[in-house]
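Chemist: can't give you the sequence, but here's the structure:
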Ligand SMILES: [Zn+2]
């Protein structure tokens with residue numbers, strides 16, 4: 001870990017992190033790849049080898065937002081990275097192969113599979129917008145946004161600087177290209193995003209080489225910076241009528257509240273699953 005690196009990035013490349021108040025329908029929640037293969041400890045080549053605070057926070061934030069959206073009848077779309085067994089996705093080692101279990105939602109989010117407001121989209125490449133192109137050329141993201149006349153999408157998921165970023169950047173271009181006439185804003189919820197941690201020393205020790213270095217906090221910041229610089233809005237708190245979601249402090253308070261709410265099945269903030 002190099003906290004001076006992160007502090008230097010924050011100083012040289014600051015990001016404005018705001019608050020999102022959602023008081024009316026029209027925003028859809030997009031969840032990127034919160035599957036076992038990326039977010040459940042020890043679940044595969046690209047899963048965290050040990051519990052990871054940033055990944056754990058992402059799952060908690062995502063579950064809270066998703067339950068809130070679903071409870072209001074608001075639309076959710078979840079990407080699930082899924083690959084044909086044996087078919088590589090360079091430059092990555094095998095991951096999320098069909099039938100392995102890695103390609104399924106993390107335990108906290110499997111309820112989305114039967115949620116009437118949720119659309120599941122399996123994708124076989126980093127960029128969900130590209131992965132959503134069907135055999136007939138239609139794009140499931142474009143169709144979802146247009147069918148629901150969404151004015152904004154709120155994005156969470158993993159990895160901030162890989163699948164989340166590629167989806168957000170491409171969707172910004174698609175919006176500017178007028179593929180989704182009602183879509184005004186693409187918003188990224190920072191505490192709902194996470195990336196993986198591979199410090200340089202670990203990358204070298206494992207034989208991946210120095211260039212595989214991927215320090216978590218720095219690359220998380222870089223992903224957010226590039227999304228913001230292309231026109232995405234970054235938020236650290238999402239306020240919804242009736243209760244508040246978002247900031248770590250408010251989050252702790254509202255998590256207590258959520259625990260008492262009937263139907264709020266959720267695990268604690270400690271990423272001790274699996
Ligand atoms: Zn993949």
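Modeler: Structure's in. What do you need? Since the structure is predicted, the reported quantities are computational estimates derived from the model, not experimental observations. Numbers count the residues shown, from 1 in each chain.
Chemist: which residues touch stretch 197-213?
Modeler: 1, 48, 52, 54, 214-216 (Cβ atoms under 8 Å, 6 or more residues apart in numbering). Quick note: C-beta positions are derived from backbone N, CA and C, even for glycine.
Chemist: what about 10 Å?
Modeler: For stretch 197-213, contacts defined as Cβ atoms under 10 Å, 6 or more residues apart in numbering pick out 1-2, 48-50, 52-55, 91, 93, 214-220.
Chemist: give me the buried subset of those residues.
Modeler: 48, 52, 54-55, 214-220 (16 or more other Cβ atoms under 10 Å).
Chemist: and those, which two are furthest apart?
Modeler: Longest distance between any two of those is 16.9 Å, between 48 and 218; criterion Cβ to Cβ.
Chemist: what residues are up against the residue in the stretch 151-274 of the chain that the ion sits nearest to?
Modeler: Distances between the stretch 151-274 of the chain and the ion by Cβ to the ion are smallest at residue 163, namely 7.9 Å. Neighbour list for residue 163: 32-33, 38, 79, 81, 123, 125-128, 131, 157, 195, 223 [criterion: Cβ under 10 Å, 6+ apart].
Chemist: now do residue 65
Modeler: With Cβ under 10 Å, 6+ apart, residue 65 has these contacts: 22, 29, 31, 74, 76, 154, 156, 189, 191-192, 238, 240, 245-246.
Chemist: report how many residues lie close to residue 183.
Modeler: By the measure other Cβ atoms under 10 Å, the count of residues near residue 183 is 24.
Chemist: need phi/psi at it.
Modeler: phi -80, psi 120 (degrees, to the nearest 10).
Chemist: pretty sure it sits against residue 152.
Modeler: Yes: counting by Cβ atoms under 10 Å, residue 183 does reach residue 152; the two are 7.2 Å apart.
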